[in-house]
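Enquirer: Predicted model, plus sequence, below.
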Amino acid sequence: MRFLVIGGAGYIGSHFVREATRQGHECTVYDNLERGFRESLDPKLPFIKADLLDAKTLESTLEKGRFDAIYHFAAFALVGESVSQPELYYENNVEGVRVLMEAMRKLKSQAALIFSSSCAVFGTPQNLPISEEDPKKPQSPYGKSKLIDEWMIEDYCHAHGIRGMALRYFNACGADKDGGIGEAHDPETHLIPNVIKAALAKQTVTIFGDDFNTPDGTCVRDYIHVTDLADAHIKAATYLCAQKGPLYDAIHLGTGNGYSNLEILKAAEKVMGIKIDHKIGPRRAGDPAGLYADNRKAKKILGFVTRYSDLETILKTALAWHQEAPHGYNRE
Ligand code: UDP
């Protein structure tokens, strides 16, 4: 299939491009490189350096490309930043999707649309595991921007005959098995890279809170390897392309298993064969105690499977990346 990958130079996008190419699909990457890295992509791949808000460039790309599926990985995704600068999120995440949907409507695009959403649309969940229809009460501008996008995509799909799907990720982590790409956020806020980076630098990692209502008091999350996420995105295109529009659905991508922050720390100690210094700090604002997915719909509709999402593979692939590129893509 032919894919347009908007935001394909980011963490999840670049892993998707790697896996889709490995599976024989043709990817064209569209990215403004504001938060993505050209080095995360094969230099031979078709690449368009442009902003999603640049409707003209987007429309001419869609017109020329005759894509089977369009992927949107181009969101900002820092919860804390979204609280202090919501304008960034309403412009990039919400307006960006509106421009994309408008381009698809105007050009009567026949491509399937696959949108990266997040379990952040639920806020503090009422039920665990979280299923697709559970009540949504996002607690941050980031989560709100994703929920607005979902509503907008659903409305455009139904009104304009588009086939679309929102894939709600739980905790994306790990790195490609062949090396060369991985997680490189600045600042890094995620648990797994922070644990590994602290261990490699012989520093102390802070665990945010140990007084949550969970078995060991630390937060519980559902960690899914980024290559398993990528594979599910390819399956979503296969599924949508076999359907007649209009169609819209939302599907959860997680393993269904929760691990506590201390369990992640212990698993990293085992993989690295060292003791990792840690301290307990205050809770981080807005952290729900537990988040893990009901993934039955993903299995049923997409044939979702996990090949890399055991903690050992997640941590080993992430460790290899951080050892290879301790400064991310800015290798000196
Ligand atoms: N966390 C932590 N120390 C860190 C980074 C994260 O204790 O340096 C905790 C965070 O408070 C949450 C869990 O690890 O309980 C997962 O956080 P992450 O940012 O990786 O993902 P989120 O679930 O927030 O998307």
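Expert: Nice, thanks for sending it over.
Enquirer: any idea of the pLDDT on D186?
Expert: Reading off the per-residue confidence, D186 sits at a pLDDT of 81.
Enquirer: Run a quick neighbour tally on the nearest residue to it once chain neighbours are set aside.
Expert: Closest residue to D186 in three dimensions, ignoring its sequence neighbours and counting by Cβ to Cβ, 6 or more residues apart in numbering: G328, at 7.0 Å. C-beta: built from backbone N, CA, C; applies to glycine. Residues near G328, counting by other Cβ atoms under 10 Å, number 18.
Enquirer: Now G328. Its backbone dihedrals?
Expert: Backbone torsions of G328, given as degrees, to the nearest 10, read phi 70, psi -140.
Enquirer: Any figure for the gap between it and T227?
Expert: 19 Å (Cβ to Cβ, to the nearest Å).
Enquirer: And the strands in this protein?
Expert: With DSSP state E as the definition, the chain shows strands at residue ranges 2-6, 26-31, 47-49, 69-72, 112-118, 163-169, 171-173, 205-208, 220-221, 223-225, 247-253, 259-260, 278-281.
Enquirer: Go through the ones you listed and pick out the most buried.
Expert: Most buried of the strands of the chain by mean neighbour count (mean count of other Cβ atoms under 10 Å) is strand 69-72; its value is a mean of 27.
Enquirer: Quick one: neighbours of Q139, just the number.
Expert: Q139: 18 surrounding residues under other Cβ under 10 Å.
Enquirer: does it really touch G123, like I thought?
Expert: Yes - judged on Cβ atoms under 8 Å, Q139 makes contact with G123 at a distance of 4.2 Å.
Enquirer: tell me which parts of the stretch 151-300 of the chain are close to the ligand?
Expert: 171, 189-191, 194, 205-208, 219, 221, 261, 284, 287 (Cβ under 6 Å from any ligand atom).
Enquirer: hmm, 5 Å instead?
Expert: By the rule Cβ under 5 Å from any ligand atom, the part of the stretch 151-300 of the chain lying against the ligand is 190-191, 194, 207-208, 219, 221, 261, 284, 287.
Enquirer: The stretch 1-150 of the chain too?
Expert: When proximity is defined by Cβ under 5 Å from any ligand atom, the stretch 1-150 of the chain lies next to the ligand nowhere.
Enquirer: residue in the stretch 1-150 of the chain nearest to the ligand?
Expert: V79 (6.6 Å; Cβ to the nearest ligand atom).
Enquirer: Based on its surroundings, how many neighbours for that residue?
Expert: The number of residues packed around V79, counting by other Cβ under 10 Å, is 19.
Enquirer: quick one: contacts for it?
Expert: Under the criterion of Cβ atoms under 8 Å, 6 or more residues apart in numbering, the contact partners of V79 comprise 120, 140, 142-143, 189, 286.
Enquirer: Which two among those residues are spaced furthest apart?
Expert: When the contacts of V79 are compared pair by pair using Cβ to Cβ, the two farthest from each other are G143 and T189, 15.0 Å apart.
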